[in-house]
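A.B. asks: Quick one: sequence and predicted model below, then my questions.
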2 protein chains.
Amino acid sequence: MHTPQLVERVRGGDRRALARAITLVENGSEELREIMAGLAPHTGRARVVGFTGSPGVGKSTTTNAVVRAARARGLTVAVLAVDPSSPFTGGALLGDRVRMQEHATDPGVFIRSMANRGHLGGLSWATPHALRVLDAAGFDLILVETVGVGQAEVEIAGQADTTVVLCAPGMGDSVQAAKAGVLEVADVFAVNKADRDGARATLRELRQMVAMKDRADEEWKPPIVMTVASRDEGVDELWERMEQHFAHLEASGELTARRRTRARDEVQAIVLELLRSRMGRIGDEAGLDALAREVAEGVRDPYSAAEVLAKELGADLR
Amino acid sequence: MHTPQLVERVRGGDRRALARAITLVENGSEELREIMAGLAPHTGRARVVGFTGSPGVGKSTTTNAVVRAARARGLTVAVLAVDPSSPFTGGALLGDRVRMQEHATDPGVFIRSMANRGHLGGLSWATPHALRVLDAAGFDLILVETVGVGQAEVEIAGQADTTVVLCAPGMGDSVQAAKAGVLEVADVFAVNKADRDGARATLRELRQMVAMKDRADEEWKPPIVMTVASRDEGVDELWERMEQHFAHLEASGELTARRRTRARDEVQAIVLELLRSRMGRIGDEAGLDALAREVAEGVRDPYSAAEVLAKELGADLR
């Protein structure tokens, strides 16, 4: 499939084209430049909600329940599951297949996993790129699901318009959450498996933490919803809170601000990635190996080596 | 403390100076340039061993046992505990204090945690910088301990001369390990808590995985050691395997190759970090905000925005 064709088919919501485009994002393909240019005019319509939380809190179950809630309201939904800690998709894909069964025959639902290959932090443009693809394909709602509550996961979830942080009773999630900076990005909390022992304690603990924490968006106090996603309990309330947050984002101008920040980060990440790949290519000509040898031997310090290399790139570091 | 003074005291192994220098690394201080330049001629002597593994495998206990083994052999040791998933040091520092008790009065041991603040992947030079500080301070052995077996942890551990991957029975570690690409970087495996049920099964599983996997360094087949670190069992054998691996590194020329790769990565990371910080500074002048607005509105695609920004940086991206 040629790029203009692929762009056209993605816009039409063709599943094979969508899958192919996201694979190209995963692989950091050269064609991305043309694809993103073709899709750009058709973006900006979809609403993006991020879901994050430790393994075992019921992330897939909750995402699935939210997909059902969206479909019941006549909205089309794409789910993007990102595993930032893994260079492979294996595990996540298995989850997909299980989840796909419920929605396999529904043309209004698209579910896809994405690995985060390559160097640490190297693919910070991958999630925005994949969101761009799904946005241009015309989905009303995009759910970004990330595994774990490390900083990478939090950052990916934080690229959404609304970020939902999931907890479950007795998993020490709230402590984890505080550690990884989840509190700063959470717009809505859901205590899932709320029928289990300790749910009230988790709720209390979260309430205290929310009350104590300053947020960038001072006008929004993150609500906490109790859910049992496996039985669809509390999912309507979760949906309502998500809607309220979106209304707040629109009314306050925060939506525009968040999307601009996302675009800004994406552009910077592309510049860095292109520079990184150029550094790799010109490495030998620029004498990077020789510089590295000198640094390893202690005859040159890493900053003076960095200056020589930057000069070769034509960049002024001052 | 002025920088030349700090450099001098670090070289003398002064604890306060060491602590201060690593804090400057953590904070990405401006003074790093001068400090690294001052330390460079005094580096390249220390042997660096990385320890990684899931929470609960007994990483601190094993590191502690290896510290004792090193001290029994008359070697000085620094332990650097890096938490790549957290922007805070809180948790790790607590662990330090507990561990410090055993070695508090031993001037031959230095233990320090380091957080990985800032943007995802932004501090890929932080661990090499901290290693540089400890190396210049004259420690014979530096143990780098990372939390978890995500890709970030694996990459940090992989910056060592020798990487030890810890497992424990019945924790599904081997599956985790395969997922995060641990097998590619492991030079020695230790199955800790080897007195527990399932230790033989873990050993078998690991053996199969090692046998199946291709490694970059074909001449070294990673040995698997059974340990009960809390009782010092198997620690002498672990030490021996580490020694054998180091001897192999020296004999094969792989030590030089690894250290050059480390230096190369460090230099590239510095270039990218300096460019990133420059992008932030010149953001407004270069019209990054205006570019981000256009990208967010879909009137410009992110790659053409990246090109405009790169031109402002003076860098040629082609």
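C.D. replies: Everything's here; your move. Since the model is a prediction, treat every value here as computed from it, not as a measurement.
A.B. asks: When you work out contacts or count neighbours from here on, use the C-alpha atoms and nothing else.
C.D. replies: OK.
A.B. asks: now the strands for the stretch 201-318 of chain A?
C.D. replies: A:224-226 (DSSP state E, counting those that start in this stretch).
A.B. asks: ranges for the helices of it?
C.D. replies: Secondary structure of the stretch 201-318 of chain A (DSSP state H, counting those that start in this stretch): helices at A:235-252, A:254-282, A:288-296, A:302-313.
A.B. asks: Same check on the stretch 51-200 of chain A?
C.D. replies: A:59-72, A:90-103, A:126-136, A:151-157, A:173-179, A:182-185, A:199-212.
A.B. asks: Check whether the shortest one comes near chain B.
C.D. replies: No. No part of helix A:182-185 sits near chain B under the criterion C-alpha under 8 Å from any C-alpha of the partner chain; the closest distance found is 10.6 Å.
A.B. asks: average pLDDT across that helix?
C.D. replies: For helix A:182-185, mean pLDDT rounds to 78.
A.B. asks: quick one: low-confidence parts of the stretch 1-150 of chain A?
C.D. replies: Residue ranges of the stretch 1-150 of chain A with pLDDT under 70: A:84-101, A:116-123, A:148-150.
A.B. asks: just to revisit the earlier point, nearest to A:R112, of the helices of the stretch 201-318 of chain A?
C.D. replies: Using C-alpha to C-alpha as the measure, helix A:254-282 is the one of those that comes nearest A:R112, at 20.9 Å.
A.B. asks: Can you point out the buried residues in that closest one?
C.D. replies: Using 16 or more other C-alpha atoms under 10 Å in any protein chain shown as the test for burial, helix A:254-282 gives A:255-276, A:279.
A.B. asks: near chain B, from these?
C.D. replies: A:259-264, A:266-268, A:270-272, A:274-276, A:279.
A.B. asks: Next, count neighbours for the closest residue to A:F110 other than its chain neighbours.
C.D. replies: Closest residue in space to A:F110, ignoring its immediate chain neighbours: A:A78 at 4.6 Å, by C-alpha to C-alpha, 6 or more residues apart in numbering or on different chains. For A:A78, the neighbour count with other C-alpha atoms under 10 Å in any protein chain shown is 24.
A.B. asks: Just grab the bridge partners of A:A78 for me.
C.D. replies: A:F110, A:I142 (DSSP bridges).
A.B. asks: So it sits against A:D106, correct?
C.D. replies: No. The criterion here is C-alpha atoms under 8 Å, and A:A78 misses it with A:D106 at 11.5 Å.
A.B. asks: Which one, of the helices of the stretch 51-200 of chain A, ends up nearest to B:D14?
C.D. replies: Here helix A:173-179 is closest among the helices of the stretch 51-200 of chain A (C-alpha to C-alpha), at 30.9 Å.
A.B. asks: Give me the average confidence score over the closest one.
C.D. replies: pLDDT averaged over helix A:173-179 gives 55.
A.B. asks: From A:F139, how far out is A:G74?
C.D. replies: 11 Å (C-alpha to C-alpha, to the nearest Å).
A.B. asks: Next, work out how far apart A:G38 and A:V188 are.
C.D. replies: Separation of A:G38 from A:V188 (C-alpha to C-alpha): 34 Å.
A.B. asks: So which of these two has more stuff around it?
C.D. replies: Between A:G38 and A:V188, A:V188 has the larger neighbour count (other C-alpha under 10 Å), namely 22 against 18.
A.B. asks: Could I get the contacting residues of that one?
C.D. replies: When contacts are counted by C-alpha atoms under 8 Å, 6 or more residues apart in numbering or on different chains, A:V188 touches A:162-165, A:222-225, A:241-242.
A.B. asks: Then A:E184?
C.D. replies: By C-alpha under 8 Å, 6+ apart, A:E184 lies in contact with A:213-216.
A.B. asks: Could you provide the helices of the stretch 201-318 of chain A in TSV, with additional columns for mean pLDDT and distance to B:G287?
C.D. replies: TSV is the format used below for the helices of the stretch 201-318 of chain A (pLDDT from 0 to 100; distance: least, C-alpha to C-alpha, whole Å):
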stretch	mean pLDDT	distance to B:G287
helix A:235-252	97	24
helix A:254-282	83	11
helix A:288-296	90	32
helix A:302-313	86	22
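A.B. asks: Make a markdown table from these and add distance to B:T3 to it.
C.D. replies: What follows is the helices of the stretch 201-318 of chain A, written out as a markdown table (distance: least, C-alpha to C-alpha, whole Å):
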| stretch | distance to B:T3 |
| --- | --- |
| helix A:235-252 | 47 |
| helix A:254-282 | 30 |
| helix A:288-296 | 20 |
| helix A:302-313 | 16 |
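A.B. asks: So for B:K311, which of those sits nearest?
C.D. replies: Among the helices of the stretch 201-318 of chain A, helix A:254-282 comes nearest to B:K311, with 10.1 Å by C-alpha to C-alpha.
A.B. asks: Can you tell me which helices and strands that closest one packs against?
C.D. replies: When contacts are defined as 3 or more C-alpha pairs under 8 Å, 6 or more residues apart in numbering or on different chains; DSSP states H and E, helix A:254-282 packs onto helix A:235-252, helix B:254-282, helix B:288-296, helix B:302-313.
A.B. asks: I'd like the ones you listed as TSV, with distance to B:M209 appended.
C.D. replies: TSV is the format used below for the helices and strands packed on helix A:254-282 (distance: least, C-alpha to C-alpha, whole Å):
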stretch	distance to B:M209
helix A:235-252	42
helix B:254-282	23
helix B:288-296	46
helix B:302-313	41
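A.B. asks: Compare the ones you listed and give me the one nearest B:L6.
C.D. replies: Nearest to B:L6 among the helices and strands packed on helix A:254-282 is helix B:254-282; the distance by C-alpha to C-alpha comes to 21.5 Å.
A.B. asks: Distance from the chain centre to the closest one, please.
C.D. replies: Centroid separation for helix B:254-282 versus its chain: 15 Å, with C-alpha atoms, centre = their mean, to the nearest Å.
A.B. asks: Identify the residues contacting the closest residue to A:V299 other than its chain neighbours.
C.D. replies: Among residues not flanking A:V299 along the chain, B:P41 sits closest, at 5.9 Å (C-alpha to C-alpha, 6+ apart). Counting by C-alpha under 8 Å, 6+ apart, B:P41 touches A:298-301.
A.B. asks: Angles on the backbone of B:P41, please.
C.D. replies: Backbone torsions for B:P41, taken as degrees, to the nearest 10, come to phi -60, psi -10.
A.B. asks: before we move on, what about the one 5 residues further on?
C.D. replies: Recorded main-chain torsions at B:A46 are phi -70, psi 150, according to degrees, to the nearest 10.
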